[in-house]
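Enquirer: Fold the following.
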Amino acid sequence: MQVKSRLVHLFQGREQLPWGSSPEAFDAALTEQTLHRVDRLFGDGCYFGLDVQGWENVPSAPVLLISNHSGGTTVPDAWGLLISWYRHFGTRRAVHILVHEIILATRRTGEYFSRRGALIADPEVALSTLRDHRRDLLIMPGGDFDTWRPYRDRYKVCFGGRKGYARLALEAGVPIVPIAHAGAHETLYVIARGARLASAVGLPKIARARVWPVHLSLPWGLAVGPLPHIPIPAKLRYRIGPAICPAADDTVEGLDARVRAAVQDLLDDLKATEHNPRGGPSSKLDVTAE
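Expert: Numbering: from 1, shown residues only. As a prediction, the model looks like this:
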């Protein structure tokens, strides 16, 4: 497994840290502690409302969960989805999420997030998680390109041409569960991605990033760059669609097109209920559920 960005080399120095290289680092007890700490922030009447529909569409493990990504560097959409997952399934069914290598580049952040299920975005690690460890895996293919899409595009799928997840599903032979999210883009106002500026200053090589966004957010006001922000309260809404099982004659391009279309259909449903969302019940955390 190769470190790809120069910025990670700068953080690590000569030490190559192992965090995020295996799902075996997942610690259910630590994850439960974290879930309890943030439990009061998510749910009915909380800072972040939650509305998740479609759990019946998730087959038994392992599955590859594919979702759009929203809400800037603070990623409230990822937190809301993972918290909802464990409220429904409990920590006995661990779900792992692929993250940018910079999150796992230091001992403090690497140990913290890897023990709570984060894995480095590496094809070999992802394949081993699904095929060898039989664990569920969440990928948000659009990454920074998606989470920093302009506010006007908040209901558009923006994977940025990334199709590696489709190749992964074909190799692992696992179903893909499409998930659409809306709400986290209400926690700030993204004006522009700044993709041209990012390319001009060499960010793709320096930090494996394709954007240098312009946004209105707290506490910065008008900000330039992927700065973490204080999200304003918002309702996080998720729709989980029927699983898409790769066929023997599927191509990467064909499977990618099917998944993007499925996520877009779910996003269209969320857009239709933007001003009158149906709020489902939000149960308290049950970390022992089967």
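
Enquirer: Pull out the buried residues from the helix ranked longest in the chain.
Expert: If you go by DSSP state H, the chain has its longest helix at helix 252-272. Buried residues in helix 252-272, defined by neighbour count with 16 or more other Cβ atoms under 10 Å: Val252, Leu255, Asp256, Arg258, Val259, Arg260, Ala262, Val263, Gln264, Leu266, Leu267, Leu270. C-betas here are computed from N, CA, C, even on glycine.

Enquirer: Between those, which sits nearest Trp55?
Expert: Nearest to Trp55 out of the buried residues of helix 252-272 is Leu266 (Cβ to Cβ; 13.9 Å).

Enquirer: Phi and psi next, for the closest residue to that closest one other than its chain neighbours.
Expert: Nearest-residue entry for Leu266: Ala180, 3.3 Å, with adjacent residues in sequence omitted and distances by Cβ to Cβ, 6 or more residues apart in numbering. The phi/psi pair for Ala180 (degrees, to the nearest 10) reads phi -120, psi 140.

Enquirer: Quickly list what Ala180 is bridged to.
Expert: Counting by DSSP bridges, Ala180 is bridged to Arg239.

Enquirer: Any regions of this protein where pLDDT drops low?
Expert: Low-confidence regions of the chain, defined by pLDDT under 70, span residues 1-17, 206-207, 276-290.

Enquirer: how about a cut-off of 90?
Expert: Scanning the chain for pLDDT under 90 picks out the ranges 1-19, 100-108, 195-210, 248, 274-290.

Enquirer: which residue ranges form the strands in it?
Expert: Counting by DSSP state E, the segments of the chain that form strands are 48-53, 64-67, 95-99, 118-120, 136-139, 176-182, 189-192, 214-217, 221-224, 234-240.

Enquirer: In a markdown table: those, plus mean neighbour count and distance to Lys156.
Expert: What follows is these, written out as a markdown table (neighbours: other Cβ atoms under 10 Å; distance: least, Cβ to Cβ, whole Å):
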| stretch | mean neighbour count | distance to Lys156 |
| --- | --- | --- |
| strand 48-53 | 20 | 20 |
| strand 64-67 | 24 | 14 |
| strand 95-99 | 24 | 22 |
| strand 118-120 | 26 | 27 |
| strand 136-139 | 25 | 18 |
| strand 176-182 | 26 | 11 |
| strand 189-192 | 18 | 12 |
| strand 214-217 | 20 | 17 |
| strand 221-224 | 12 | 23 |
| strand 234-240 | 22 | 15 |
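
Enquirer: Could you save these as a markdown table and add columns showing distance to Thr31?
Expert: Below are these laid out as a markdown table (distance: least, Cβ to Cβ, whole Å):
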| stretch | distance to Thr31 |
| --- | --- |
| strand 48-53 | 18 |
| strand 64-67 | 17 |
| strand 95-99 | 10 |
| strand 118-120 | 11 |
| strand 136-139 | 14 |
| strand 176-182 | 20 |
| strand 189-192 | 30 |
| strand 214-217 | 28 |
| strand 221-224 | 32 |
| strand 234-240 | 19 |
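
Enquirer: Determine which of those approaches His88 most closely.
Expert: Per Cβ to Cβ, nearest to His88 of the strands of the chain: strand 48-53, 7.7 Å.

Enquirer: what angle do that closest one and strand 234-240 make?
Expert: Here strand 48-53 points in a direction 20 degrees away from that of strand 234-240 (axes from the mean of the first three to the mean of the last three Cα atoms, to 10 degrees).

Enquirer: which residues are contacting strand 48-53?
Expert: The contact list for strand 48-53 (Cβ atoms under 8 Å, 6 or more residues apart in numbering) reads 41-44, 76, 80-81, 83-84, 88, 183, 231, 233-240, 277-280, 282.

Enquirer: coming back round to it: for the longest helix of the chain, which helices and strands make contact with it?
Expert: Applying 3 or more Cβ pairs under 8 Å, 6 or more residues apart in numbering; DSSP states H and E, one finds that helix 252-272 makes contact with strand 64-67, helix 164-172, strand 176-182, strand 234-240.

Enquirer: As CSV, those with distance to Trp148 would be great.
Expert: As requested, the helices and strands packed on helix 252-272 are exported to CSV (distance: least, Cβ to Cβ, whole Å):
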stretch, distance to Trp148
strand 64-67, 16
helix 164-172, 19
strand 176-182, 15
strand 234-240, 17
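
Enquirer: Which among these is found nearest to Gly142?
Expert: strand 64-67 (9.1 Å).
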